[in-house]
Structures are given as structure tokens and as C-alpha cells.
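In: Turn this into a model:
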Amino acid sequence: MKEQSDILVKLIHDAAGQVGPLDGIDGEAMARRAIRHERTRRGVIGGAVAIVLAVLGTALWVAERPALPAGLPWTRDAAEVRSDELVFELPEGYEEFTTTGDPMWGLDPVIPNESEAMEGQNAYAPSWIATAPAEDAPLVGELVGNPVTDVDVPGAVSARWSWYSADDVSLPGYWERKPGDGDFVGELDVELHTGTVVRLTMSLTDDESPQDTFERLVRTVEVDGEVVAPDGPPATIQEDLPPIETTDAPESWAGAEFHGLTYAAPGDWTAVDGEGAEHPADTLLLRRPDGKAELQLAVADRLENFESGGALDLPGLYRFELADADVSIVRTERFDGEYRAYIEVRRADGRSYMVNLSGYPGAGDLEDDLAALLGSLGFTEESKEGATAYDKLDSADPLLQDPPSDWRPETFEGIRLKLPPELKSDEGTWGIWTSDSDDTWEELLITPWDMEAYDQPLGLDENGYRYEPPGTARGVATVGTSTDTGEPLFLGRSAFYLTPDGRNAFEVRYEGSGATEERWWQILASLDATDLTSP
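Out: Okay, here's the model as predicted:
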């Protein structure tokens with residue numbers, strides 16, 4: 001399972017992710033954007049210091065810290081600061097400190113010089129305040145069961161706060177308390193009129209009444225009217241963008257559907273199985289026979305261009321007509337002989353999608369292909385909000401078979417199953433069993449997933465069979481064919497949620513020239529994850 005990270009480094013730094021369109025994109029980059037798993041981050045530690053910390057590990061922290069008085073005073077003028085479109089007042093004695101330009105404010109902060117930074121030290125303060133985009137990360141206080149309070153923040157659409165402390169139970173998969181963590185951390189999420197949610201975080205050490213101190217900070221917060229105000233000038237909206245021409249798809253193109261989005265592509269473009277995506281169910285990549293052009297589709301939790309700062313003023317950005325959509329835009333780029341078209345669509349009150357058309361040197365003019373692709377887009381009922389494809393899947397139960405009596409029981413990370421005697425796991429391998437002979441081979445791989453707070457849940461393939469082995473909350477199994485080795489081979493895939501939210505899960509993959517569908521269902525029938533989910 002994933003190694004848990006220091007709460008300050010993992011929660012605060014990861015929550016400070018930088019959002020925005022990439023200058024260039026390839027298949028792998030698109031997949032990362034779609035599943036938000038390898039997002040570029042803006043942290044309070046960066047540059048050379050971030051590189052050093054990544055190598056050397058957790059930073060050094062002081063052992064003795066000054067007490068923070070319970071009656072900490074606020075002063076409006078001298079102590080008022082602006083950050084991430086919020087205005088708030090600092091407690092007396094708080095100073096700005098930063099090593100890379102992303103500010104924090106702390107009580108008696110200590111900032112290392114360059115030589116100290118190279119030794120693994122980091123700027124720190126015993127108590128501090130920071131702001132950053134929330135990046136859809138839930139409030140940790142809510143996760144550990146503490147109350148969440150709605151609050152009015154002037155100029156905001158909404159705001160809510162919660163808190164957690166050293167006495168709270170550690171939450172595996174999100175954080176575990178480490179030496180140097182604050183005694184109390186309060187988080188306030190402020191939703192701006194652009195749709196962005198900014199998180200204000202306050203970490204306190206040795207405060208006699210930390211919740212009162214944090215609430216006093218919350219009462220000073222308002223949205224920066226110089227940046228965004230409810231009655232300010234309206235941002236650019238989709239209707240202000242220039243239109244782009246669309247056409248009907250040629251008869252030679254093949255129509256298809258992807259998670260509720262209909263589209264058409266040239267008939268000779270073929271799917272690249274799983275390439276550039278950690279979760280193939282979330283992303284589909286089609287490639288032209290000569291490899292010089294690609295089409296990639298992804299279900300999105302956030303539209304990069306449409307939702308980046310609320311202003312649609314990027315170069316090469318256009319709108320196009322799409323029935324039932326409240327977002328339908330495309331951005332085009334040309335550079336170094338390459339061509340990119342980033343399409344973003346959202347069904348009104350429904351799902352969002354990103355579709356990328358990429359041309360590499362020698363691909364030729366793709367303008368006509370883009371026009372036909374845009375004209376082919378549409379929605380099915382599955383694209384509506386709340387459409388739960390999982391409940392509509394066929395059950396795998398009729399396909400399950402009891403494994404033969406000579407199969408060997410195995411256990412991995414608390415997951416129990418039975419496997420053919422030919423499948424063996426060499427010493428030192430991690431969840432991998434293989435069978436290799438002169439005539440045939442098989443491989444079974446189990447991959448656990450323990451999602452961080454900022455990650456999207458593991459995707460379930462909506463074209464498979466519904467199956468929930470003991471100890472799981474939800475799961476999907478598929479049967480298919482792999483051509484990775486140049487010949488068609490059986491390929492079975494499955495993903496199982498250990499928790500209803502999908503943040504604790506595992507995947508099973510089974511393939512090979514000797515792999516069969518019968519064995520696949522026998523293996524799945526033997527799965528038992530009760531040991532992972534029972535107290």
C-alpha cells in the first residue's frame with residue numbers, strides 16, 4: 001500500500017495544486033489530466049528545496065516552540081493580507097515566509113539559507129497560515145468526523161470550515177500524524193464566483209483555545225474585490241467566443257459512444273489498449289494507422305480551459321454548437337510542426353468530457369478532421385447527472401465457477417484467493433504470479449490502491465460485469481483480448497472498491513497464452529477481501 005506522507009507536506013502542499021491548461025499535451029499528459037493523478041502542483045516548498053526534500057525525506061522541525069496566546073489580537077490595517085483572491089487579517093506577530101514565492105504567514109518563522117536548504121532543512125513556523133486552491137480535496141475535519149460549519153464570507157458563493165487535531169484518529173489513505181505536525185489545523189473552503197474553491201489553512205501549536213483562534217481568523221475573511229466581486233465586471237462567457245465551423249462526419253467514419261458521449265472517428269483509426277492511462281476505463285486513445293495523429297477521450301471531473309480562472313481569454317479558443325450542452329469549446333494550437341485541438345464539453349447538469357485531437361510532424365492538415373469531429377459529438381442518457389451505469393451492468397454471478405480442488409490458497413495484502421498450481425510467485429515479487437513453459441504462459445497481477453485526498457476514485461469499467469466478492473463494496477470484471485505480444489491473448493481485468501467512495505480499492509489483471517475465461521471466473525469466485533475491511 002502507499003506509504004503515508006507527512007500531513008503538512010501531503011495535505012497542505014498537495015492541496016496547493018496549480019490548475020491551468022498545459023502548453024502542450026500528449027496521450028500520457030491527457031490521461032494524467034483526466035484522472036488528476038499526476039497533476040502539476042504549486043506547493044509552499046518548491047524549486048531547489050522541493051527537489052532536495054524529495055530526495056532527503058521529511059524536513060527538520062524545531063523541538064521547542066513558543067506558545068500562542070489564547071487572546072491573540074488582530075489588527076485590520078497593518079495585518080491585512082491578500083492571497084489566492086482572499087483578504088484576511090493576520091494575528092499579531094505573524095510574518096510572511098516563503099522560499100519560492102508562494103507565501104505563508106507564521107509566528108516567529110525560521111527560514112533556512114541556501115546551504116541549510118541543501119542539507120534538507122525547510123522554512124517552518126510553529127504556527128502558520130496558508131492559502132491554496134482546494135483541488136476538490138475534502139475537508140480533513142469532515143473525513144475524521146468533526147462538524148462542518150457553513151459561514152458567510154463577503155463576496156463568496158459559499159464557505160464552510162472544519163478542523164482536526166492531534167487527538168483525532170489517523171485516517172489511513174489521507175494522513176497520519178508525524179513529528180512536527182501542528183496540534184490543531186483548521187480549514188476554511190471559500191467558493192468564488194469563478195467556481196474555484198480556495199482553502200485557507202491555519203495550523204496552531206500550543207494554543208490554549210485553538211478553535212476560537214481559528215474562528216476569529218475565519219470572521220476576517222472576505223473575497224478580494226479587486227480580483228473578483230459579485231457586482232464586478234462579468235468575466236468572458238462562452239457566448240463571447242468566436243464560433244468555429246463544424247461539419248457532418250464523412251460516411252467512412254465510424255460512430256461510437258464513450259461513457260455517454262457520442263462521437264465519430266475515421267474508420268481506420270484503432271484503439272490503443274490502455275496506453276498512457278493508469279485507468280483505461282477513464283480514457284480512450286485512438287490512433288491513425290501511420291501513428292501521426294491521435295484522438296483521446298476522457299471523462300473529466302474538471303474542464304481545464306473552461307474552468308481555469310473563469311476567463312475564457314486564451315488564444316485560439318472557440319465555441320461550437322452542441323445540443324444539451326452548457327459547455328462546448330475548443331482550443332487549437334500549432335507549434336513545431338504539430339497540431340493540437342483541446343475540446344471540452346459538458347452536458348447541462350451532467351458529465352464533463354475532454355477530447356483531444358493531436359497531430360504530429362507529417363500528419364497533414366487536421367482542420368477538416370476537427371470540424372467533422374465537433375459535428376459528430378452528442379450525448380446519450382448516460383451523460384446525465386446521477387446516471388449510475390453500475391446498477392445497469394449484468395451480474396457476474398451466473399459466470400462464476402468453483403475453482404478445482406487442487407488449486408492452492410494464496411494471500412496478498414489481506415486478499416485471499418485460490419490459484420492454479422502452475423501459477424507461482426517468485427521471492428521478492430509483489431502481487432505477481434506467473435506460469436512459464438515452452439508452450440504457454442499465464443500471469444496474474446494484484447494492484448492495491450489507497451487514494452490520497454486529492455485523487456479521483458479508481459475508475460470502474462462500465463462495460464463489464466457487476467461483481468462484489470466478500471469484503472468489497474462494488475466491483476466490475478471484464479473479459480477481453482490483449483495483442484500486446486503481437487498475438488491475440490485472453491485478458492481479464494477487474495477493479496473492486498473496498499470502501500463505497502472508491503478511494504480504497506484493488507485491481508486484478510489476468511492474461512497469457514494459457515489464460516482462459518473459465519480460469520478467470522474461477523479465480524474471481526475465490527476472491528475474499530474480508531480481512532481488509534473487517535475491524
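In: where does the stretch 101-250 of the chain dip in pLDDT?
Out: Low-confidence segments of the stretch 101-250 of the chain, defined by pLDDT under 70, are located at 101-102, 110-124, 166-181, 226-236.
In: mind redoing it with 80?
Out: The stretch 101-250 of the chain contains residues with pLDDT under 80 at 101-103, 108-126, 135-136, 143-145, 166-182, 195, 225-237.
In: so what's the nearest residue to residue 210 once chain neighbours are set aside up against?
Out: Once flanking residues are discounted, residue 210 sits nearest to residue 184: 3.6 Å by Cβ to Cβ, 6 or more residues apart in numbering. Just so you know, the C-beta spots here come from the backbone N, C-alpha and C atoms, and that holds for glycine as well. Shown in contact with residue 184 (Cβ atoms under 8 Å, 6 or more residues apart in numbering): 163-166, 203-205, 207, 210-211, 214.
In: Could you report the neighbour count for the residue nearest to residue 363 when sequence neighbours are not counted?
Out: In this structure, residue 363 finds its nearest non-sequential neighbour in residue 292, 4.1 Å apart by Cβ to Cβ, 6+ apart. Other residues lying near residue 292 total 16 when counted by other Cβ atoms under 10 Å.
In: Please state the backbone phi and psi of residue 292?
Out: The phi and psi torsions at residue 292 (degrees, to the nearest 10) take the values phi -100, psi 0.
In: same thing with the one 5 residues further on?
Out: Phi and psi for residue 297, reported as degrees, to the nearest 10, are phi -120, psi 140.
In: Tell me the bridge partners for the residue nearest to residue 210.
Out: Counting by DSSP bridges, residue 184 forms beta bridges with residue 165, residue 204.
In: before we move on, what about the one 4 residues further on?
Out: Residues in a beta bridge with residue 188, per DSSP bridges, are residue 161, residue 200.
In: What about it, how many residues nearby?
Out: With other Cβ under 10 Å as criterion, residue 188 counts 27.
In: cool, and the one 5 residues further on?
Out: In terms of burial, residue 193 registers 17 neighbours under the definition other Cβ under 10 Å.
In: Are we agreed that it is in a strand?
Out: No: Residue 193 is assigned coil when assessed by DSSP: H, G, I helix; E, B strand; the rest coil, not a strand.
In: Quick check: it vs residue 154, distance?
Out: 12 Å (Cβ to Cβ, to the nearest Å).
In: With distance to residue 370 and neighbour count as new columns, can the contacts of residue 184 be given to me in JSON lines?
Out: Shown next, in JSON lines, are those (distance: Cβ to Cβ, whole Å; neighbours: other Cβ atoms under 10 Å):
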{"residue": "163", "distance to residue 370": "49", "neighbour count": "25"}
{"residue": "164", "distance to residue 370": "48", "neighbour count": "25"}
{"residue": "165", "distance to residue 370": "53", "neighbour count": "18"}
{"residue": "166", "distance to residue 370": "55", "neighbour count": "12"}
{"residue": "203", "distance to residue 370": "48", "neighbour count": "25"}
{"residue": "204", "distance to residue 370": "53", "neighbour count": "27"}
{"residue": "205", "distance to residue 370": "55", "neighbour count": "20"}
{"residue": "207", "distance to residue 370": "57", "neighbour count": "22"}
{"residue": "210", "distance to residue 370": "55", "neighbour count": "23"}
{"residue": "211", "distance to residue 370": "54", "neighbour count": "14"}
{"residue": "214", "distance to residue 370": "50", "neighbour count": "25"}
